[in-house]
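Asker: pasting the structure only:
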Ligand code: 8ID
Ligand code: ZN
């Protein structure tokens, strides 16, 4: 017997704040499941959504944010046959896609024009009961620690996919920019597990200690370095710079810098989504040094399963701090100040 009402964090106007209140529990449609979200990670995307940072409309307000939700399947629609009540499951940013367009056919589901986005175009995981399309729900093995796994559902999938997109190979070096934040701290560990050396770039002693503990080979403090480009190059064995750069910072400037410290033929993978940012690079250098610039946007269902498998093998220890769902706004306040080392995970029962 499911409750008809629940606690949720609701965005009622652009710019926030998020309001903790009681709202109705929705019923899943025929191809959907209802998940009792136990824990949800807080991604910087949730803050961008509340602030109206992007040139993409959310669903009409009110909006329930959140897209790193780990929980238990408690109801399913009549067409759903491959996931059982009681199974552990995760709601990710890609809540659903059409599964039949040319992008979906090619497993580029995040590029589907009809994609549904959790906590953005549909209500997300900052509530006790959330809905997702069964085809896209992440399958989580029984016995998994739901609090620890939650951040894998966006941050983990995204950085794992991004590292693959960088084409950096085992034994080579990647720069992770924004390395002390949620995506960055997890990226260090995926890189390490994939046999890749990570140069971590971020600010402050807490983030430096975290990055080095997680396995970064070097930490560069962008607030203290007098010459980021020279420092990054100097941190690679031949002084030529890293083979790839994973940009998960929420500022425009480091995107420009990366094109300068990448070694020739290096790949810049843009993941962070700072508001109103543009990327410019010198055309001459880009040509004669054969620099690659690309974007990477979450991951498909196979990336999801693979990212979760790295977690299940004990290779990824998400550095998370726990807090009640009722305290979400305080997490946004810290995030806005770039004061979070690692990830916050909210407990929907508090
Ligand atoms: O699919 C995608 N492309 C995707 C998926 C998930 C998240 C994209 N994102 C986007 C988010 O919307 C956000 O814009 O990735 C970005 C990072 O998300 P996050 O990791 O959740 O944010 P955070 O925890 O606040 O970490 C950001 C870090 O960047 C550092 C900050 O100190 C912080 O630790 N940073 C900044 I701001 N400027 C920097 C700079 N110049 C910097 N680090 C290095 N150099
Ligand atoms: Zn996210």
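Answerer: Received the coordinates, thanks. These numbers come from a predicted model, not from an experiment. Numbers count the residues shown, from 1 in each chain. Ligands and ions are numbered 1, 2, ... in the order given.

Asker: so residue 79 is in which element?
Answerer: Following DSSP states H and E, one finds residue 79 outside all helices and strands.

Asker: hang on, I meant residue 207
Answerer: Judged by DSSP H and E, residue 207 forms part of helix 205-214.

Asker: So which residues lie in contact with that helix, not counting its own?
Answerer: 179-181, 184-185, 188-189, 192, 200, 202, 219, 221, 317, 319, 341-342 (C-beta atoms under 8 Å, 6 or more residues apart in numbering). The way it works is simple: take the backbone N, C-alpha and C, and place the C-beta from them, glycine included.

Asker: Counting by contacts, list what the following helix or strand past it packs against.
Answerer: With elements assigned by DSSP H and E, the helix or strand that comes after helix 205-214 is strand 218-221. Secondary-structure packing of strand 218-221 (3 or more C-beta pairs under 8 Å, 6 or more residues apart in numbering; DSSP states H and E): strand 197-202, helix 205-214, helix 228-234.

Asker: next one: the second one to chain centre, how far?
Answerer: In terms of C-alpha atoms, centre = their mean, to the nearest Å, the centre of helix 205-214 is found 19 Å from the chain centre.

Asker: cool, the last one as well?
Answerer: Distance, stretch centre to chain centre, for helix 228-234: 27 Å (C-alpha atoms, centre = their mean).

Asker: residues making contact with it?
Answerer: 175, 199, 201, 220, 222, 225, 239-242, 254, 257, 260-261.

Asker: List the buried residues of it.
Answerer: For helix 228-234, burial by neighbour count (16 or more other C-beta atoms under 10 Å) applies to 228, 231-233.

Asker: As CSV, the residues you listed with distance to ligand 2 would be great.
Answerer: What follows is the buried residues of helix 228-234, written out as CSV (distance: C-beta to the ion, whole Å):
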residue, distance to ligand 2
228, 26
231, 29
232, 26
233, 31
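
Asker: right, and out of these, which lies closest to residue 100?
Answerer: residue 232 (43.5 Å; C-beta to C-beta).

Asker: Let me know the pLDDT of the closest one.
Answerer: pLDDT, residue 232: 98.

Asker: Same check on residue 100?
Answerer: Note for residue 100: predicted pLDDT of 97.

Asker: what do you get for residue 1?
Answerer: pLDDT, read off for residue 1, is 82.

Asker: And the one 3 residues further on, by the same measure?
Answerer: At residue 4 the predicted local distance difference test score is 97.

Asker: do you know how far it is from residue 129?
Answerer: Separation of residue 4 from residue 129 (C-beta to C-beta, to the nearest Å): 10 Å.

Asker: Equivalent analysis for residue 35, please.
Answerer: 7 Å.

Asker: So for these two, which residue has more residues nearby?
Answerer: residue 35 (28 against 25; other C-beta atoms under 10 Å).

Asker: Assumed the more buried one was part of a strand.
Answerer: Yes: assessed by DSSP: H, G, I helix; E, B strand; the rest coil, residue 35 belongs to a strand.
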